[in-house]
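**Student:** build me a model from this:
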Amino acid sequence: MSNRQISTDVILIGAGIMSATLGTLLKELVPDWEISVFEKLANAGEESSNEWNNAGTGHAALCELNYTVEKSDGTVDISKAIKINEQFQASMQFWSYLVSSNLIANPRDFIAPLPHMSFVQGEQDVSFLKKRFKALSNNPLFQEMEFSDDPVKLMEWIPLMMKDRPENEPIAATRIESGTDVNFGALTRILFEHLESKSVDIKYKHSVDHIKRTDDGSWELKVRNVDSGSIERHTAKFVFIGGGGGSLHLLQKSGIPEGKHIGGFPVSGLFMVCNNPDVVAQHHAKVYGKAKVGAPPMSVPHLDTRYIDNKKSLLFGPFAGFSPKFLKSGSMLDLITSVKPDNLVTMLAAGAKNVPLTKYLIQQVMLSKEKRMEELREFIPDAKSEDWGLVVAGQRVQVIKDTDAGRGMLQFGTEVISAADGSIAALLGASPGASTAVSVMLEVLTKCFPQHIKAWEPKIKEMIPSYGVPLLENPELIQDIQTLTAQTLGLSEKVPVYN
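**Tutor:** Predicted coordinates:
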């Protein structure tokens, strides 16, 4: 055991896409700041950011129906879709900057063009999709969107899904050709390789066991070497907790008042993966449907073309499940140990409110393969059981907190919790997560370094030209940005054909 104390400017906990993005932003803004990273697993991007643990959709609200809600008066609220799209545009601009600055060699290593589609069945949902299309396609961010309820056109777009489908079934789809498939695991590893080349101290297989405030206002971390068990103590003026589901426990250990009365609800996921290349070759899109009644919004069914390990794959899911773990590599005690005196009432209120959700998750866990195949056949009518296997996706921890709407409200989305003095920040929550990493990390910089933001602004605008500009008030800027990012990231080129 060592009592050696090591000081640095910034500590990032967790080697996922959030820490990778924040570290890269800081190295561009203040190259002389010393940064240390601690990750308890053996490599970067092994948990929530891993390509097998997330949808890789490049969430831009082009196809996800849960981001556009039909209001009681029949109109469709697109405000959340606009916000998420703008956030994804910021990510695309930052990645373009990294490519044009030669900090990323080949964008095709992590991003590929892929149409994004929404698909619905039944007259009621077809009517909703028409209204959604009308609301979105009138907006400059979504003006490329196409709608069709013509089986001939749909056969052209999604032949695998249309084959052997009943002719009298009301169906419709929307399509935006400029969608993307993003391999966030690959991007995370690329960014950490870059950070390592910039002398960032990255320690894998190092677990942060405790965190506390020091007398001078900085933070001291107790860091354990997972292999040897040896302990080091590290201090920093600023700490970012980006440990996915593991962030809540560390936030609680920090003791900051802003972290009180917050809980977490874990949701696990499974995907079916197609292992027949002949079937995979027949589908080229990300197609999102509508969530079943009672399902959490993150459980929207989708049939995705993916590019993983230079191979074209086809995934369907997610099938939600319940595990008390907060991380795939976590402990069965994670949920219980996250309940503290300050959040007990909040957690109990959430439990009472979400009995139907808990019941739904348990039912999902109990599904047989054939029951899952039945759900898949709503997308692919002639899907054969032998062509599909199962892969366990990542754990997600939804934020639970008290809001104006009541105690113990389950939150869907990502949330930055930071101390009043900006010396520590934690990222909690799940989808759309990785896709909005750049906007979320800019929020961290704004909240935690207000004294520097004005001086940093010119560099931020160089990296993200739309920074501080409302895109909807500048439609010509939208066109310029989309053209530039498509060219720089190689998205206007034909996608590679993998075996």
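**Student:** list the buried ones in stretch 162-175?
**Tutor:** Buried positions in stretch 162-175, judged by neighbour count with 16 or more other Cβ atoms under 10 Å: 162, 165, 171-175. Heads up, the C-betas are built off the backbone N, CA and C, glycines and all.
**Student:** actually stretch 225-234, not the one I typed
**Tutor:** Neighbour-count burial for stretch 225-234 flags 232, 234 (criterion: 16+ other Cβ under 10 Å).
**Student:** again, but for stretch 53-72
**Tutor:** Quick answer for stretch 53-72 (16+ other Cβ under 10 Å): 53-68, 70.
**Student:** do stretch 150-165 as well
**Tutor:** Residues 154, 157-158, 160-162, 165 are the ones in stretch 150-165 that count as buried (16+ other Cβ under 10 Å).
**Student:** for those residues, work out which two are farthest apart.
**Tutor:** Taking Cβ to Cβ, the two most distant members of the buried residues of stretch 150-165 are 157 and 165; they sit 12.9 Å apart.
**Student:** ok, which stretches of the stretch 201-350 of the chain are strands?
**Tutor:** For the stretch 201-350 of the chain, applying DSSP state E, counting those that start in this stretch gives strands covering 201-204, 206-213, 219-225, 231-241, 262-274, 286-288, 302-308, 311-321.
**Student:** and the fifth one with strand 311-321, angle?
**Tutor:** Pointing back at strand 262-274 there. Taking axes from the mean of the first three to the mean of the last three Cα atoms, to 10 degrees, one finds strand 262-274 and strand 311-321 inclined to each other by 130 degrees.
**Student:** which secondary structure elements does strand 262-274 contact?
**Tutor:** helix 247-254, strand 311-321, helix 334-337, helix 344-353, strand 388-392, strand 396-403 (3 or more Cβ pairs under 8 Å, 6 or more residues apart in numbering; DSSP states H and E).
**Student:** same question, the first one
**Tutor:** Using 3+ Cβ pairs under 8 Å, 6+ apart, the elements in contact with strand 201-204 are strand 35-39, helix 184-197.
**Student:** in a markdown table, list the ones you listed along with mean neighbour count.
**Tutor:** Below are the helices and strands packed on strand 201-204 laid out as a markdown table (neighbours: other Cβ atoms under 10 Å):
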| stretch | mean neighbour count |
| --- | --- |
| strand 35-39 | 25 |
| helix 184-197 | 22 |
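**Student:** can you tell which of these is closest to residue 334?
**Tutor:** strand 35-39 (17.8 Å).
**Student:** and the strands of the stretch 201-350 of the chain, which is most packed in?
**Tutor:** Using mean count of other Cβ atoms under 10 Å, the stretch among those with the largest mean neighbour count is strand 286-288, at a mean of 25.
**Student:** related to what we said a few turns ago, need the helices and strands packed on strand 201-204 in TSV (columns: distance to residue 304 and mean pLDDT).
**Tutor:** Output for the helices and strands packed on strand 201-204, formatted as TSV (distance: least, Cβ to Cβ, whole Å; pLDDT from 0 to 100):
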stretch	distance to residue 304	mean pLDDT
strand 35-39	27	98
helix 184-197	14	96
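**Student:** just give me the longest helix of the protein.
**Tutor:** Selection of the longest helix in the chain by residue count, based on DSSP state H, yields helix 79-100.
**Student:** extract the CA atoms of it and return them as CSV.
**Tutor:** What follows is helix 79-100, C-alpha atoms only, in CSV (Å, rounded to 0.1, in the frame of the first residue of the first chain):
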residue,chain,number,x,y,z
SER,A,79,-39.0,20.3,-29.8
LYS,A,80,-37.0,17.4,-28.4
ALA,A,81,-36.2,16.1,-31.9
ILE,A,82,-34.9,19.6,-32.8
LYS,A,83,-32.7,19.7,-29.7
ILE,A,84,-31.2,16.3,-30.2
ASN,A,85,-30.6,16.9,-33.9
GLU,A,86,-28.7,20.2,-33.1
GLN,A,87,-26.6,18.3,-30.5
PHE,A,88,-25.7,15.7,-33.0
GLN,A,89,-24.8,18.4,-35.6
ALA,A,90,-22.3,19.7,-32.9
SER,A,91,-20.8,16.2,-32.6
MET,A,92,-20.4,15.9,-36.4
GLN,A,93,-18.7,19.3,-36.6
PHE,A,94,-16.2,18.4,-33.9
TRP,A,95,-15.4,15.0,-35.5
SER,A,96,-14.9,16.9,-38.8
TYR,A,97,-12.5,19.3,-37.1
LEU,A,98,-10.5,16.3,-35.8
VAL,A,99,-10.4,14.8,-39.3
SER,A,100,-9.4,18.0,-41.0
